[in-house]
Each structure stands twice: as structure tokens, then as C-alpha cells.
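S.K.: fold the following, please.
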Amino acid sequence: MDPHKILPLLFLCFFIISLSHPSVASGSIKGEEELSNYVVIVRERPSDVSDVATWHSSLLSTVIPDSSRLIYSYDQVVNGFAARLSKKEIETLSKKDWFVDAHLSRRYKLATTVTPSFLGLRQSAKHPDGLWNISKMGEGMIIGVIDSGITPGHPSFNDEGMSPPPAKWKGHCDFNKTMCNNKLIGAVILKKGIEKGHPSPVDSTGHGTHTSSTAAGAFVKDAGEFGISFGVASGMAPRAHIAMYEICEDSICDGVDFLKAIEVAVNDGVDILSLSITEVEIKRQLIDDGTLKSKPGPLGLSDDIMIGAFYAMSHGVFVSAAASNNGPVPGSVSNDAPWILTVGASTTDRRLASVLRLQNGMEFKGEMMNEPAKASRRWMPLTYFNMSTPAKDARGSIVVLKFIELRDNNAIELTQIMAQMGAATYILIKYKGQGTAFMDPDQQYLAPTVHMSYDDGDKLLAYLTSHPKTFAKINFKGPVLKEPNSLEVAKFSSRGPSVIFQGILKPDIIGSGVKILAASPDKMKVQSFHKKAAFAIRSGTSMSTPHLSGIAALIKKVHPNWTPAAIKSAIMTTAYAYHKEKPINDYTQFPADYLAIGAGHVDPRKAVEPGLVYDLKPEDYIPYLCGMGFNDTVVQTVVYPLRFNTCSQVKKISEEQLNYPSIRINMKANLTTTKIERTVTNVGDALWTYHAKLDVPKGVYAYVRPKRLYFTKKNEKRRFTITFKKMGKIQEPAQGQLRWISKKHVVRSPITIATDANADYASMKCNNFNICE
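M.R.: The predicted model follows:
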């Protein structure tokens, strides 16, 4: 059966995302059933009802007299309430005339100094009019962060030189009055769904502090980690205000809390929402033999992030969210609704350089992971540890280990054990094709540790085999900037295609997310040899997301009337897929495809002047969702409070026809011709002419009509079509690009083509290190 035909049925099902972290019950009903968190959708309230919370409580009381089971009453984000219910109680509720639908709340998890210059924000010879100058560093913008809390009083949240929040701000601070200021203007705690945690929005994991400061942290001198100063740290929008909405505890967050946080944040008046949270479980899993399971059905629009993000977008709030850290498995991308900017992670051009020098003069380059100040500069024995080396061999040595041999021995735990045995320093050799990014998003080690490439490690081990009594020392060079060939997609960054929205290319964009230095609570520095510091290095799409959130704030400052879709289009159509005249690499050191990088790497300076944008209004998504086959109840739940009657009265469009900045078409099976339509809006100067340049893979013939677009005024719209014809076997990777080129602008849309060869990604093989082929 065509999977698209069964989507409407599958989307009505409700899935528990994680067996290890279920949507937790608060007990059981007389030993029968556990209670879980549900979002219950109800009919429109009567006109004489003024107190929505009281009305929702009365509805629930017709089945459950215990009022404490009501978690939240939603007045805006959805038409309904959240409550702790059993399956039998849901069945009883479903028979009430006011009941529309219900879905099980999902569980989610929590998924800098050099990046402002790397991204062209600061003024420089290359960027004489840096975006910070143009945008006044985001002054007056409010960035809402939904995360694990924040660390008030941290220097990154100093309000020196900050103006008060704009008059539209309606939020409040759950800290005392001295904790919040003109930088940290709001901090609230919303964790009724997980029923645990401290009573104030103080960050317990360090995650929310890190992401908030990355988006909009103030300037802090001598920010550093490992005893090294990295210079002046700041967020992407250092003059923007921050509002924290804490919903997570021990890195776990509940969907009912997320929906309430969205409702509160939008009502408070935020301009941008930054979501560094993703689904607890990958959407599809590896089975024991390493073969990917058969292509899964969609998880449904019961995803609370999708629903909440639509509400925010419909109120003019730009939403960026993490793609997740489940890469490089195909189809692992999360937060993939088309009204969300889905952000993958890339490296930067900074490397923490070190050199292993042997007594014979041979040198091997590496990258330090931590604690260079504690590393010995003396000559030490160099020992290869292969799980059978006696413990005494480690004392006072530089120990060499291979990641591939650590599969069943956690690398961090093993290095801790080795440190207790007296090992002085570690060389961890990467496996073949691992690339320059961390193996895992948040690796930390107690002892001084250096990562070495597979090729250099192979040469080192070959030498050690013939020269077992070798002495060496490590010279730490510190931060090295503008490293050649340094930009690549992080291995952990989740890949497309979207399992649900198969006609949309996801992720949308990649941004800096590897080894990002940002604020950290002092208490989180428990793994440091040095005295407690206020900054930490972390990696993940959680780190790349606030980069894009801050950049969006800068763009919105310059263009306050742009819609969220226009801002997204500007970011995507000005992104680059080539860096220093070479393709952005995947972790395998081969060029990354668009399912890894989306439109490419963000280029903030160009994004503020894109020339043309692909715009969308909230109501434009209704014919798109109806065209995907969703029933009226599902569509109304997502687009609420937009007025919507029935899909039967809507002129539906197919997925590829959504006016999206990227293009993804289906040429599987007997589909030999596809024609798509797009509309662009001129946001540049009045008089411009653009001509089309189209690149498609071998086996496809395509043409654009018209070939030129003429604009005579600002905000003028022009429509065009692209026709694709299959002429034979399509060359992989099945991708290309459309560029609209004027004398000043290049407006680029990546093109990906779903074919019989690449669509069956379930047949791919992944080994134990998630290297897929």
C-alpha cells in the first residue's frame, strides 16, 4: 500500500516515545491502570464561559472528581487541557459531547567566543559593515528559551548598557527582584507534567545557561575553559533580552509543560523561541544485526512541539529547534515541521591544537580535549593499551587507545580508571572516517586527553609496534583559528529525510554546534582540575540552535515586519554549501549531501539582505496539511486558533507545492514528470532583474518558466514553475539547485529528488559506530 494513503490513519494513533522514560504516571488507580499525561482537545467553549480553567475543570469532573488531576488549562495554544488519566478514563471521556480528541503527551530531552567572527557578525576587514552594526546587536528583541533553567547572576547575563524591555513585555520573574534585570527579563518554571524538581528556574544541568548565553549572552572578557582564555565571549545577539521558560528536569521534559510554556511565552511577547529539545527516542532504531528496521510509519501530529510551534509562528514568533543528535542515521531528524527552522550542527574553523613529539623527532598532530595546564611537558613512556596491558604499564605514561576498541567500554569511564592507575595523558585514536568533530556531543575526560586522526594514529601504532620502548611528550598549542578544511557536518547531527513531511527537505540549515564555549553554572565544573569556572565547552544540535535563534533576532531587528517564513527563507536561500571553494564535508571526509546540511551553512551577513524571499502565511499550511491526507480533527488541532471548517472545502496542494525555500520532489516508480510552482517576494530595492540558473543530476531534464523575473517595486511578487522530467537512471546523490541571480544577490534553493534508489533508506546498513552505507 502507498504509505501516503495510510498517513491519515497512522496520524490518529498515539505513541509512547520512550520505554525508559514513559509519560510518567502519578500512581495507579486501585491497582488497575497507571496514569499518564494526556492533552485533551475539546469543542469550542460556549459564549457565556468567561473562565476557561473553571470550565475545563468542570468538564473533567464529569468523569474524574479529583481536581488535582488537571495539570494545565490551555486558553490559546490548543483548545483543551492537560490531565493525568488512564486509558479507560480516556475512553469514557471520548463519549462526552464536548470531547474532540486526545493524545498522550510525549517526553523530550535536552538535545561562544569564536563564532561571532566566524559568522561575520563582528566588524572586520572582510565584513566592514558587520551585522552587529546593522542590527544594533539585536537591541530590543526578546528571545524566549525553553530549556532547563538559567543561572542568574552569571556575567553573561549582566545588563550593563542594556535598555529596559520593550513596552509589549508582559512576562515576570520567578527569581527575586535582584536576580532578573534588563538582560534576563523573565524566568518562570513550568514543570507540572514531570512532577519533580526545584521550585525556582535555577539551571540544574547547565544546558539552559549554555544555550541562553549562546543566543544572547552579554560580552564577557577572558572567557575560557581548561585554564585557557579564549578571549571575549558573547551571544549572537548580545543586546537582546532573554526570557527563560524552564520545563526540563534531569534533561527530561514533558509535552504538556512545553505547550504551556509556548502559550505563556507568546502571551509574554517574545520575538524568537529557541528550542534545544528533541524527542527522547530516535524515530527508528537499529536492530541487533545492524540493519535498519523497515521504514516506520509517521509518529503523528500529536507531537506537542509541532503543535506549539505552529501556534507561536501564527502569532509572528520565529521558532528554531534542534534537529537532534541521532546522526548519521538517515531519517533521524526531529522537529521537522515546515513551520520550524530545523537546525543541524557543524564545526567551526577553530581547533584546540596539540602535537605529540617522539624522541626521534617525529611529530603527530592532534586536538586537545581538556586540561592542558595539568599535562606534563616532560618525556614519558608511550604505551598502547589494548585491554590486556597490565595496570602497572599505565603509571606515568602517555596511554594510546583506539575508539573502535572501546565499544563495550565507555571511553570516559575507562580514562577515569586509567587516571586512577596513574596514567598521565591519553591519546584517543579515532576510527576511520570519524572526521574532526567529537565522537559524542558532550564527551569530557578527567585526565588530559588528545584526539588523533585515524591516519596519524595508524602511523603511530605502526611505529610503536617496532619501537615498544618509545618516549614522547605533548605540546599544547592552544586555540588555532581559521583552520583550512575545518568545516564539516558533525557526525551526531541528525540527517533527513523527514519521516513525516516527506515532501520537505530537512534539516533546513546547519550552524556552529561543535566545541562551543558558553556560560555554565559554577557547580557544573565538577569534572575540571582547575578551580570552578563560569564557562564550558559543549557540542550538539542544542548548541547550533541558539546560534540560529540569535541570528534570527538580528534579522528581525533589521526587518521587524518580516514574517517567520520570510526570516527562514532569508536564512536558507543565502546559506552556502561550499566553504573556501570546497564542498562542506560529511564526517566521512567526503562532500556532505543536502540531507545532512539542508540549504547549507548559515551566512548571517547575507541573510539580512536576501533579495527575494519565499513567504508563507499561517493559513497557507491548511491546504498543505489537507493535501497530505490529514483529517479535519488533526488539522484543526494543529492550526488552532485559525478558523477552519473541513478539508473538503479546501483547495488542497501536494507536499512539494508548499511555497518553501528548498525543493524536494518525488520521482519514484513511474513518476516521470513533476511540475512545481513557487512565488517569490522582492524585499530588495525596487528595480531588479533576476535570471534563473538550474542544476539537476544526470538522468533528469528540467526547465524554469519564466527564465527571468522582473521587479519594479519593493514587496512585489512573481510566480514561476519548474518542470522536472526523468530521462533515465538518476545519478546519486539525486540533488541540484536553483539560483535566481541578479547583479547583487544570489537566491539559492537546494533541490533533492526522492528516487527508487535513495528512498528505500531502510535497507541501508549501519555498523556499531553508526557508519551507514
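S.K.: how many residues are close by the residue nearest to G496 when sequence neighbours are not counted?
M.R.: Spatial nearest neighbour of G496, chain neighbours left out: L595 (4.0 Å); criterion: CB to CB, 6 or more residues apart in numbering. In this view, the C-beta of every residue, glycine as well, is placed from N, C-alpha and C. For L595, the neighbour count with other CB atoms under 10 Å is 26.
S.K.: model confidence at the residue nearest to A592 when sequence neighbours are not counted, what's the number?
M.R.: Closest residue to A592 apart from its sequence neighbours, by CB to CB, 6+ apart: D586 at 3.9 Å. On pLDDT, D586 comes in at 88.
S.K.: pretty sure D586 contacts L487?
M.R.: No - the pair D586 / L487 is not scored as a contact, 11.2 Å apart, by CB atoms under 8 Å.
S.K.: OK, contacts around the residue nearest to G496?
M.R.: Going by CB atoms under 8 Å, 6 or more residues apart in numbering, L595 touches P330, R495, G496, P497, L505, T752.
S.K.: so which strand or helix has it?
M.R.: L595 is part of helix 594-597 when elements are defined by DSSP states H and E.
S.K.: how far does that helix sit from its chain's centre?
M.R.: 13 Å (CA atoms, centre = their mean, to the nearest Å).
S.K.: check which helices and strands whatever helix or strand comes next after it sits against.
M.R.: Once helix 594-597 ends, the next helix or strand along the chain (criterion: DSSP H and E) is helix 604-607. Under the contact criterion of 3 or more CB pairs under 8 Å, 6 or more residues apart in numbering; DSSP states H and E, the helices and strands touching helix 604-607 comprise helix 541-558.
S.K.: quick revisit: residues contacting the residue nearest to A592?
M.R.: Applying CB under 8 Å, 6+ apart, the residues near D586 are P328, G435, E488, V489, A592, D593, A596.
S.K.: from the chain's centroid, how far away is stretch 346-362?
M.R.: 29 Å.
S.K.: output that stretch as PDB, restricted to C-alpha atoms.
M.R.: Extracted in PDB, the C-alpha atoms of stretch 346-362 (Å, rounded to 0.1, in the frame of the first residue of the first chain):
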ATOM      1  CA  SER A 346      28.600  21.800  12.100                       C
ATOM      2  CA  THR A 347      32.200  22.500  13.200                       C
ATOM      3  CA  THR A 348      33.900  25.900  13.200                       C
ATOM      4  CA  ASP A 349      37.300  27.000  12.000                       C
ATOM      5  CA  ARG A 350      38.800  26.700  15.500                       C
ATOM      6  CA  ARG A 351      40.900  23.800  16.700                       C
ATOM      7  CA  LEU A 352      42.500  23.200  20.100                       C
ATOM      8  CA  ALA A 353      45.800  22.200  18.700                       C
ATOM      9  CA  SER A 354      48.400  19.800  20.200                       C
ATOM     10  CA  VAL A 355      51.500  18.000  18.900                       C
ATOM     11  CA  LEU A 356      52.700  14.600  20.100                       C
ATOM     12  CA  ARG A 357      56.500  14.700  19.700                       C
ATOM     13  CA  LEU A 358      58.600  11.500  19.800                       C
ATOM     14  CA  GLN A 359      62.300  11.500  20.900                       C
ATOM     15  CA  ASN A 360      63.400  10.700  17.400                       C
ATOM     16  CA  GLY A 361      61.800  14.000  16.200                       C
ATOM     17  CA  MET A 362      58.600  12.500  14.600                       C
END
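S.K.: A102 belongs to a strand?
M.R.: Yes - assigned with DSSP: H, G, I helix; E, B strand; the rest coil, A102 falls within a strand.
S.K.: how close does it get to E279?
M.R.: With distances taken as CB to CB, to the nearest Å, A102 is found 19 Å from E279.
S.K.: and if you look at S251?
M.R.: S251 is 13 Å from E279, by CB to CB.
S.K.: the more surrounded of those two?
M.R.: E279 (22 against 16).
S.K.: hang on, isn't the more buried one packed against R106?
M.R.: Yes - with contact defined as CB under 8 Å, E279 and R106 form a contacting pair (6.7 Å).
S.K.: which residues touch the most centrally placed residue in the chain?
M.R.: Nearest to the mean C-alpha position of the chain, by CA atoms, centre = their mean, lies A322 at 1.4 Å. The contact partners of A322, taken as CB under 8 Å, 6+ apart, are 111, 275-278, 334-335, 343, 540-542, 544-545.
S.K.: just give me the least confident of these.
M.R.: Across the contacts of A322, the smallest pLDDT goes to A111, namely 69.
S.K.: how about low-confidence regions in the stretch 51-200 of the chain?
M.R.: The stretch 51-200 of the chain contains residues with pLDDT under 70 at 111-129, 197-198.
S.K.: any idea which helix or strand comes after the helix or strand of the chain with the lowest mean pLDDT?
M.R.: Across the helices and strands of the chain, the lowest-confidence element by mean pLDDT, DSSP states H and E is helix 3-10, at a mean of 34. Going down the chain from helix 3-10, the next helix or strand is strand 36-42, by DSSP H and E.
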